[in-house]
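K.L.:
give the three-dimensional model of this entry:
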Amino acid sequence: MSRIIIGIHGVGNKPPQPLLQHWWQRAICEGLERSGHSLRHFKFDLAYWAHFLYSEPQDMRVKDPESSRYIENPYVSGPVDNQKAAPSQVRKKLLNVAEFIMEKAFMTENHIFNFDRIGDYVIRKNFRDLDLYYSEKNVELHQVGLYARGKIRESLATLLRKHRKKEILLISHSMGTIVAYDVLTQIVPDVKIHTFVTLGSPLGLPTVMKKIYSEQERDFKTEKDLPAPDNIEHSWLNFSDLNDHVALNYRLADEFRPNSHGVGPDDFVVVNDYAYDGRENHHKSFGYLRAPEFTQVICEFLSGEKRGPIEQIRDFVQRFLPRQRVNEMDLGVEDGE
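P.N.:
Below you'll find the model as predicted:
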């Protein structure tokens, strides 16, 4: 059976779909190169949903940092020296304490403080896209953002249905992990997923979990964890950088129980090395997509694909092409069929 990698991006306005998809592919290929793996042909498709929330895409020609069309963090290659500091154990302990406090505050009944309102306020003030996603009556930007949740979910569901006869590796980043979880559990539970990957995920935040409990009509007081989507057949791998301000609860295994196949989240702490103009961004998708731990997942997934004669010839040619002749637009990747 042929295999395909499907991605879904995260929060914020984005460049046009073709450019963003190309940047995701470049980051994946960069990880393969850095890990010493030969570039190989693979099918890739990106679920794009920024246009449901923003009237115009980002553009490299826009130079005003205050504009929503300004690209603050474009794709750039990672550092040549791939030596990275180990994750801080002190930071890990602090996050574990913060997780405990947040869970006690938000996941228990409290008649003095309304933590649900506090959570909604935090989302509204700091996470515009997530606020629009959960809104039932948003009319911002005229039609853009109106009942965005259904449109955003359908953008991913359509791709999954299109490729349902293939083995699917689904990569989700940031808010895209929430969309992916919702789609897998509620929209296309019949579409099988070989491997589910979450990068920099806010799924473990109590405010997000309570939204899921509410929509699925579950009682968080009696059901202490949520189920992993039952259509994930092989593995759910969760990658987090301890300095990622979105993935504050990096241990999804504590919050989601295994499905009927015995598949639940496996958590991995990684170092996201993305930086642009000297500014680090430990949440950026490109840094996760080229992390060696994630690259290993890509390699294992692709190694299980049965290669036809055309694909084998293409791999052979790519292996022996001089590196300087492999240009940026032809790095052994192909758009999804």
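
K.L.:
can you report how many residues neighbour Asp64?
P.N.:
Neighbour count of Asp64, defined by other CB atoms under 10 Å: 8. C-beta coordinates here come from the backbone N, C-alpha and C atoms, glycine included.

K.L.:
okay, it and Gly12: tell me how far apart.
P.N.:
16 Å (CB to CB, to the nearest Å).

K.L.:
buried stuff in the host helix or strand of Leu159?
P.N.:
Per DSSP states H and E, Leu159 falls inside helix 148-162. Using 16 or more other CB atoms under 10 Å as the test for burial, helix 148-162 gives 148-149, 152-157, 159-160.

K.L.:
just send those residues back as CSV, with distance to Lys221 too.
P.N.:
Converted to CSV, the buried residues of helix 148-162 look like this (distance: CB to CB, whole Å):
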residue, distance to Lys221
Ala148, 30
Arg149, 25
Ile152, 29
Arg153, 27
Glu154, 32
Ser155, 34
Leu156, 31
Ala157, 31
Leu159, 36
Leu160, 33
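
K.L.:
list the helices and strands the longest strand seen in the chain packs on?
P.N.:
In terms of residue count, the longest strand belonging to the chain (DSSP state E) is strand 232-240. The contact analysis (3 or more CB pairs under 8 Å, 6 or more residues apart in numbering; DSSP states H and E) places strand 232-240 against strand 193-199, strand 265-269, helix 292-303.

K.L.:
state the mean pLDDT of the helix or strand following that strand.
P.N.:
Of the helices and strands lying after strand 232-240 in sequence (DSSP H and E), the nearest is strand 256-257. What strand 256-257 shows for mean pLDDT is 96.

K.L.:
in its sheet, what does strand 256-257 sit against?
P.N.:
strand 226-227 (parallel) (DSSP bridges).

K.L.:
all helices for this protein, in order.
P.N.:
If DSSP state H is used as the criterion, the helices of the chain fall at 17-34, 89-106, 115-126, 128-134, 148-162, 175-182, 206-215, 285-289, 292-303, 309-320.

K.L.:
got a list of what Arg279 touches?
P.N.:
By CB atoms under 8 Å, 6 or more residues apart in numbering, no residues touch Arg279.

K.L.:
how near is it to Asn73?
P.N.:
8 Å.

K.L.:
now Phe44
P.N.:
Taken as CB to CB, the span from Phe44 to Asn73 is 21 Å.

K.L.:
go ahead and confirm Phe42 touches Ile6.
P.N.:
No - when contacts are counted by CB atoms under 8 Å, Phe42 is not listed as touching Ile6 (11.3 Å).

K.L.:
just grab the bridge partners of the most centrally placed residue in the chain for me.
P.N.:
Geometric centre of the chain, nearest residue: His173, 1.5 Å, by CA atoms, centre = their mean. His173 has these beta-bridge partners by DSSP bridges: Leu199.

K.L.:
that one contacts Phe286, correct?
P.N.:
No - with contact defined as CB under 8 Å, His173 does not count as touching Phe286 (9.7 Å).

K.L.:
coming back round to it: wait, which of the helices and strands packed on strand 232-240 is closest to His22?
P.N.:
Set against His22 and scored by CB to CB, these come closest in helix 292-303, at 16.7 Å.

K.L.:
mind listing what's buried along that closest one?
P.N.:
Under the neighbour-count criterion of 16+ other CB under 10 Å, helix 292-303 has 294-295, 297-298, 301-302 buried.

K.L.:
ditto for stretch 269-287
P.N.:
Buried residues in stretch 269-287, counted by 16+ other CB under 10 Å: 269-275, 281-287.

K.L.:
one more: stretch 216-226?
P.N.:
220, 226.

K.L.:
show the end-to-end separation of it, please.
P.N.:
10 Å (CA to CA, to the nearest Å).

K.L.:
what do you get for stretch 208-228?
P.N.:
End-to-end span of stretch 208-228 (CA to CA): 15 Å.

K.L.:
pLDDT (mean, whole number) over that stretch?
P.N.:
Per-residue scores along stretch 208-228 average to 89.

K.L.:
list the contacts for Gly31?
P.N.:
With CB under 8 Å, 6+ apart, Gly31 has these contacts: 289-292, 294-295, 298.

K.L.:
which of these lies closest to Gln21?
P.N.:
Among the contacts of Gly31, and counting by CB to CB, the member closest to Gln21 is Leu289, at 12.0 Å.

K.L.:
ok, the closest residue to the closest one other than its chain neighbours to Thr177 distance?
P.N.:
In this structure, Leu289 finds its nearest non-sequential neighbour in Ala27, 3.7 Å apart by CB to CB, 6 or more residues apart in numbering. Ala27 sits 17 Å away from Thr177, taking CB to CB as the criterion.
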